[in-house]
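**Student:** My questions concern the predicted model and sequence given below.
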Amino acid sequence: MILNVAVPNEFSALRVITLASDAACAHRLASALSGLGVLPLANVESLDALQAWLEDSPVDVIVCEIRPECGDGLMLPSVLKARHESGKLAQFPGIFWMGETTLGTPGGAIDSARTFAHEKPGKPLWIKYMGGVAVSALESHARLARAAGIFVEIVREGGTLDLGDALRATVLTRVQPDPSLRKNTFDALAEDEVIHALTTGDGLRFVFQPQFELLSRRIVGAEALVRWKHPRFGEVPPSVLMPLVNRLGLDLLLFSLVEMWTIKVMLSLKRANIQIPIAVNASAKTICTPNFAGRLAARMRQAELPNRLLKIELTEDVSEPNELYLSASLTAIRAKGFQVSMDDFGTGAATFALLANLSFDEMKIDGSFVRGVEQHSSSRNVIAGIVNWARLLNLSLVAEGIEDESTIPLLHRLGCRIGQGYALARPMEIDAFLNFVTQQNSATTSAG
Ligand code: C2E
Ligand code: MG
Ligand code: MG
């Protein structure tokens with residue numbers, strides 16, 4: 001019997017590379033391709049390595065896996081688009097997203113084998129995910145990329161194309177924008193727009209709000225916050241954006257973007273000899289991403305920044321049913337020297353067990369108590385109680401949402417030492433923030 005090894009096949013003219021940050025994943029992709037007689041030219045481990053490869057070698061197809069712990073595949077269309085716009089890429093390679101598909105419920109843990117006994121019969125809301133991202137979101141993103149001239153194919157079980165078909169389509173066709181795209185429903189459009197913003201960065205900004213020692217007014221930290229300016233609706237508040245981001249399974253991608261900008265800000269501060277921790281918000285689902293702590297540590301190491309400067313704020317916008325797993329993830333983050341803060345303390349009950357588990361370094365008192373501190377004795381009592389808890393558990397405390405200068409002495413008397421709010425400083429664009437911090441720092445240094 002003669003095997004068709006080394007015999008040119010229909011795909012032999014294709015120049016294919018894989019994008020995978022780890023060897024096991026690269027091996028999986030290479031095996032799938034070799035089953036069709038395609039030998040990838042190389043595996044590149046990161047978007048930077050991909051850019052370096054593209055400098056010298058044109059490529060027809062980039063195959064990557066969509067995985068919960070890696071947003072590189074999702075970023076790929078925008079990276080290629082940027083290269084194209086800067087004249088560094090004549091023709092777009094095709095992008096194939098591959099990955100395991102699972103069923104899950106929005107915001108819930110993703111598990112193909114999971115049953116939802118508590119759900120009312122007849123009303124199950126099952127969503128297909130690939131590598132933690134809703135397949136509908138991937139499809140919208142792929143449509144947008146195609147409209148921009150980039151051929152993106154989602155290769156999955158039960159999907160429209162298998163790997164062979166996708167390779168064949170690349171051989172036979174070059175990218176054609178799809179005019180039917182414009183007939184999206186409003187919902188799909190909103191999803192498309194969120195995906196577009198996150199993957200291209202269009203309309204997305206990151207602002208930084210300083211945190212102060214209340215007595216001295218020294219800046220002791222900051223929080224990074226996302227801002228999105230919609231092309232037609234203007235500024236969309238995070239309270240609207242975040243549920244969409246979470247529903248689409250794009251929370252890790254957003255986290256990576258905030259983290260990237262936060263590291264840039266930290267490096268600028270380092271050059272000015274200022275080292276203050278900066279907090280980045282993350283949902284429980286993001287924090288429970290496999291190897292979250294390891295990935296964070298690798299980024300900080302690469303930037304030559306100490307881990308203690310990055311603080312992770314656990315928001316309560318996505319509940320994590322598996323508290324034990326969340327606790328393990330938080331512990332792993334802290335073990336690497338990052339600080340962990342519990343955001344909006346006092347507004348959710350599910351986190352008391354975690355708090356008792358000593359998984360945190362800091363609590364942030366929710367602004368709703370802080371704003372009522374002068375008028376309502378109940379708010380004062382809650383704050384005094386939280387201050388005691390923090391002391392008992394050896395946690396630091398930040399009072400959020402301080403809108404009135406007049407509340408600051410009262411908060412201080414109640415035991416709050418650190419605060420954040422419009423009365424102290426609003427969230428600022430990066431340049432304004434850097435100027436503000438460096439000026440305050442030199443004022444404090446010369447005064448001291
Ligand atoms: P948060 O983490 O509790 O952030 C504090 C919020 O309070 C921010 O709202 C900030 O702009 C606002 N704030 C600060 N000082 C004052 C004040 O004195 N008065 C009032 N009324 N508000 C004040 P923002 O930026 O609208 O964010 C809302 C929430 O959205 C955040 O609450 C956080 O849970 C989420 N969020 C924002 N950015 C991100 C992000 O990059 N990633 C994630 N996962 N969540 C984010
Ligand atoms: Mg926060
Ligand atoms: Mg908060």
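**Tutor:** Cool, the structure landed. Ligands and ions are numbered 1, 2, ... in the order given.

**Student:** quick one: low-confidence ranges for the stretch 101-250 of the chain?
**Tutor:** 105-127, 157-161, 171-189 (pLDDT under 70).

**Student:** can you do 50?
**Tutor:** 109-123, 174-187 (pLDDT under 50).

**Student:** so who does Val207 touch?
**Tutor:** Each residue near Val207 by C-beta atoms under 8 Å, 6 or more residues apart in numbering is listed here: 224-225, 227, 427-430, 433. Heads up, the C-betas are built off the backbone N, CA and C, glycines and all.

**Student:** which stretch of helix or strand covers it?
**Tutor:** strand 204-213 (DSSP states H and E).

**Student:** List of residues touching the next helix or strand along the chain from that strand?
**Tutor:** Once the chain leaves strand 204-213, the next helix or strand it forms, by DSSP H and E, is strand 219-230. Here strand 219-230 makes contact (C-beta under 8 Å, 6+ apart) with 193, 197, 203-213, 235-236, 238, 241, 254, 257-258, 261-262, 265, 276-281, 311, 313, 398, 418, 420, 427, 433, 437, 440-441.

**Student:** I'd assumed Pro68 was in contact with Gly131.
**Tutor:** Yes. Using C-beta atoms under 8 Å, Gly131 makes contact with Pro68 at a distance of 5.7 Å.

**Student:** which one of the two has more residues nearby?
**Tutor:** Between Gly131 and Pro68, counted using other C-beta atoms under 10 Å, the more crowded position is Gly131 (26 against 21).

**Student:** From Leu414, how far off is the more buried one?
**Tutor:** 46 Å (C-beta to C-beta, to the nearest Å).

**Student:** Quick one: classify Asp404 as helix, strand or coil.
**Tutor:** coil (DSSP: H, G, I helix; E, B strand; the rest coil).

**Student:** Identify the residue nearest it in space, chain neighbours excluded?
**Tutor:** Ala423 (5.6 Å; C-beta to C-beta, 6 or more residues apart in numbering).

**Student:** Give me every residue in this protein lying close to ligand 3.
**Tutor:** 343-344, 400 (C-beta under 5 Å from the ion).

**Student:** of these, the lowest pLDDT goes to which?
**Tutor:** Among the residues of the chain next to ligand 3, Asp344 carries the lowest pLDDT, at 85.

**Student:** which secondary structure elements does the one helix or strand that residue maps to contact?
**Tutor:** Element membership for Asp344, per DSSP H and E: strand 339-345. Packing contacts for strand 339-345, counted by 3 or more C-beta pairs under 8 Å, 6 or more residues apart in numbering; DSSP states H and E, involve strand 278-282, strand 310-314, helix 323-335, strand 362-365.

**Student:** what lines up beside that strand in the sheet?
**Tutor:** Strand 339-345 has its sheet partners listed here by DSSP bridges as strand 310-314 (parallel), strand 362-365 (parallel).

**Student:** Tell me if the shortest one is near ligand 2.
**Tutor:** No. In terms of C-beta under 5 Å from the ion, no part of strand 362-365 sits within range of ligand 2; the closest distance is 6.5 Å.
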